[in-house]
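In: Everything below, folded, please.
(2 chains)
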Amino acid sequence: MNLTLKIWRQANSNTKGKIETYQISEVSPDMSFLEMMDVLNEELIEKGIDPVAFDHDCREGICGMCSMFINGEAHGPDRLVTTCQLHMRKFKDGDTITIEPFRARAFPVIKDLTVDRSSFDRIQQAGGFVSVNTSGNTQDANAIPIDKKDADKAFDAATCIGCGACVATCKNASAMLFVSAKVSQYALLPQGKVEATDRVLNMVNQMDEEGFGNCTNTGACEIECPKGISLENIARMNREYLFASLKG
Amino acid sequence: MLLTFYALILLYKLKFMTLISSSIGRKLIMALSGLFLIVFLTQHFAINITSVFSKALFNEISHFMGNNPLVQFVFQPILILGVMLHFTMGFILELKNWTSREVKYKSYKGILNAPWVSRNMILSGLVVLSFLGLHMYDFWIPEMDYKYVEVLPLDPDRYFEELVHKFESPLRVGLYALSFIFLSLHLYHGFASSFQSVGFNNKYSKSIKSIATVFSIIVPIGFVFIAFFHFLK
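Out: Presented below is the predicted three-dimensional model:
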């Protein structure tokens, strides 16, 4: 496959970026998207050009590091996959592929396609945890009976890998799907009930402080989420937040 | 005792302020005011449609609505407050959304994951708001002038003629129809979306979506039908 790549190049967060065009040939349809980027970078290095910086780690769809906006969609044209799970067979010979970083005020560009998603870490630190005494007398979590439906929903919410595709996709750059998944995974379980009030108030407050936009229920985040996190979680977070506000 | 009362009021206000300064709280206000306006719209339609069947009934209901103290001095101010809350909060939320992505995408395929209507609520909302301005100019301001400025004598039979008179101009009927197309689009997303915002998403959500879709089509068509009925008559 011969492809034309239009890639966002930006030296750092203080400089303005622009789209640069590169030609790449002999791309195998069996390559992953990131392998294609590796090949491009090898060619760029040989030519003495600065390689394209992009995030990646596990390359098997579980770490949430890869973060490209490909041809107008987060993680590209495939559904329920991350960029590392996207294969070049999804494209045709002669295609032009536009690659941009995940864009949001709360995700400033570090370099090229890498963005700073530490705002997600700060939201997690604000309440995305359960306080457990680890003195040696910790109760076995499996000893607590939990309704199967709740356990399943909590597990579904916990599959969020925090990649930020929801923010990148949302026309408002809202982080509601991510935050709601983190709120839900604890709100549904007895272990999470104790800190439920503070958790939702603090996490939503941190989300607002980071400069994310508001949710307008377009549902785009749910469609583009590589883990299929449901909008049901956002409704649950809205409920949790409302009751927590009234409770104080 | 008095101090406790003041403390409770202060606490209540603090919570309210926290609520309206948060993204979720603002969405809640948008949703509740929107649902309230849907109830009003239904009631408005139920009254207007009587003008098609019975001039006397329309006059009777309009006279009641225009002169009942509870409607005039309690419900009407609540309605005005509801409208103002809805569009003011809409602008505040939209402003925040505009600033949440400073550098826009060169390639963004929003249509692949969200319908146009849901992504352009501000546009449909602005058209509806503009129409509301025209509607106030056409009906509400002359009504206020009639009753409270010029203080003209009560005339229970004037309402039907006033309504018919407004629908004589083809330009006005055209604007009316266009505005209701945008209202339909606004309702199509807004109605069901309000339930999501207040935290209601369960096995009944599909039924709510269906009801919302039917409502967003039937009610605006009904209003346009009334306008064309009087225009063509």
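In: The helix ranked longest in chain A and chain B, any residue contact?
Out: Using DSSP state H, we find that the single longest helix of chain A is helix A:232-247. Yes: with Cβ under 8 Å from any Cβ of the partner chain as the measure, helix A:232-247 is seen reaching chain B through A:232, A:234, A:235, A:236, A:237, A:238, A:239, A:240, A:241, A:242, A:245, A:246. C-betas here are computed from N, CA, C, even on glycine.
In: Select only the buried ones of the residues you listed in ChimeraX?
Out: To isolate the buried ones among the residues of helix A:232-247 next to chain B in ChimeraX, judged by 16 or more other Cβ atoms under 10 Å in any protein chain shown, type:
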select /A:232,234,235,236,237,238,239,240,241,242,245
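In: Quick check: which ranges of chain B have low pLDDT?
Out: Confidence mapping of chain B against pLDDT under 70 gives the ranges B:1-15.
In: typed the wrong thing, it's chain A
Out: Looking at chain A by pLDDT under 70, you get A:248.
In: Tell me which stretches of it form strands.
Out: A:3-9, A:18-24, A:68-70, A:73-74, A:96-101, A:109-111, A:114-115 (DSSP state E).
In: for chain A, what spans make up the helices?
Out: Under DSSP H, chain A gives helices at A:33-46, A:118-127, A:148-158, A:165-169, A:176-187, A:190-193, A:196-209, A:220-224, A:232-247.
In: What is the burial count for residue 189?
Out: If you meant another chain, say so; for now it's chain A. 22 (other Cβ atoms under 10 Å in any protein chain shown).
In: nope, chain B please
Out: 24.
In: Assumed it was part of a helix.
Out: Yes: counting by DSSP: H, G, I helix; E, B strand; the rest coil, residue B:189 is located in a helix.
In: give me the beta-bridge partners of the nearest residue to residue B:100 once chain neighbours are set aside?
Out: Once flanking residues are discounted, residue B:100 sits nearest to residue A:213: 3.4 Å by Cβ to Cβ, 6 or more residues apart in numbering or on different chains. Legend: beta-bridge partners of residue A:213 under DSSP bridges are residue A:174.
In: do you know how far residue A:213 is from residue A:107?
Out: Going from residue A:213 to residue A:107 by Cβ to Cβ, to the nearest Å gives 12 Å.
In: so the spatially most central residue of chain B, which of the three states?
Out: In chain B, the C-alpha nearest the mean C-alpha coordinate belongs to residue B:37, at 4.3 Å (Cα atoms, centre = their mean). Recorded secondary structure, residue B:37: helix (three-state DSSP).
In: what's residue A:189 in contact with, if anything?
Out: The contact partners of residue A:189, taken as Cβ atoms under 8 Å, 6 or more residues apart in numbering or on different chains, are A:146, A:150, A:151, A:154.
In: for residue B:176, same thing?
Out: B:131, B:167, B:223, B:224, B:227.
In: Look up how far residue A:55 lies from the second one.
Out: Think residue B:167. 61 Å.
In: outside of stretch B:189-197, which residues touch it?
Out: Defining contact as Cβ under 8 Å, 6+ apart, one finds that stretch B:189-197 is touched by A:215-217, A:231, A:234-235, A:238, B:27-28, B:30-32, B:34-35, B:38, B:115, B:117-118, B:121, B:201, B:205, B:208-209, B:211-213, B:215-216.
In: Look up phi and psi at residue A:171.
Out: phi -60, psi -20 (degrees, to the nearest 10).
In: Roughly how far does it sit from residue B:50?
Out: Distance from residue A:171 to residue B:50, by Cβ to Cβ: 41 Å.
In: And chain B, is stretch A:45-64 touching that?
Out: No: judged by Cβ under 8 Å from any Cβ, stretch A:45-64 stays clear of chain B, getting no closer than 15.6 Å.
In: Identify the contacts common to residue A:213 and residue A:107.
Out: With Cβ under 8 Å, 6+ apart as the test, residue A:213 and residue A:107 both reach residue A:173.
In: in stretch A:204-217, what counts as buried?
Out: Using 16+ other Cβ under 10 Å, the residues of stretch A:204-217 that count as buried are A:204-208, A:210-217.
In: swap that for stretch B:156-171, please
Out: Buried, per 16+ other Cβ under 10 Å, within stretch B:156-171: B:159, B:160, B:162, B:163, B:166, B:167.
In: Switch the strands of chain A over to TSV; also include mean neighbour count.
Out: Shown next, in TSV, are the strands of chain A (neighbours: other Cβ atoms under 10 Å in any protein chain shown):
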stretch	mean neighbour count
strand A:3-9	18
strand A:18-24	13
strand A:68-70	26
strand A:73-74	26
strand A:96-101	22
strand A:109-111	19
strand A:114-115	22
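In: Okay, now stretch A:205-223: how far is its last residue from its first?
Out: For stretch A:205-223, the first-to-last residue distance is 26 Å (Cα to Cα, to the nearest Å).
In: so what does the strand or helix carrying residue B:214 touch, helix or strand wise?
Out: Residue B:214 belongs to helix B:205-232 when assigned by DSSP states H and E. In terms of contacts (3 or more Cβ pairs under 8 Å, 6 or more residues apart in numbering or on different chains; DSSP states H and E), helix B:205-232 is packed against helix B:23-48, helix B:50-53, helix B:170-197.
In: Ok, which of these comes nearest residue A:42?
Out: helix B:23-48 (44.0 Å; Cβ to Cβ).
In: Any residue of that closest one touching chain A?
Out: Yes: interface with chain A: helix B:23-48 contributes B:23, B:24, B:25, B:26, B:27, B:28 (Cβ under 8 Å from any Cβ).
In: what's the domain layout of chain A?
Out: A:3-111, A:117-132+A:143-247 (automatic domain parsing).
In: what angle sits between the longest helix of chain A and helix A:196-209?
Out: 110 degrees (axes from the mean of the first three to the mean of the last three Cα atoms, to 10 degrees).
In: from the chain's centre, how far out does stretch A:88-95 sit?
Out: 25 Å (Cα atoms, centre = their mean, to the nearest Å).
In: Let's see the distance spanning it from one end to the other.
Out: Note: stretch A:88-95 ends 11 Å apart using Cα to Cα.
In: is that stretch up against chain B anywhere?
Out: No: Stretch A:88-95 stays clear of chain B (Cβ under 8 Å from any Cβ), getting no nearer than 12.7 Å.
In: Buried residues of that stretch, list them for me.
Out: With burial defined by 16+ other Cβ under 10 Å, the residues of stretch A:88-95 counted as buried are A:88, A:91.
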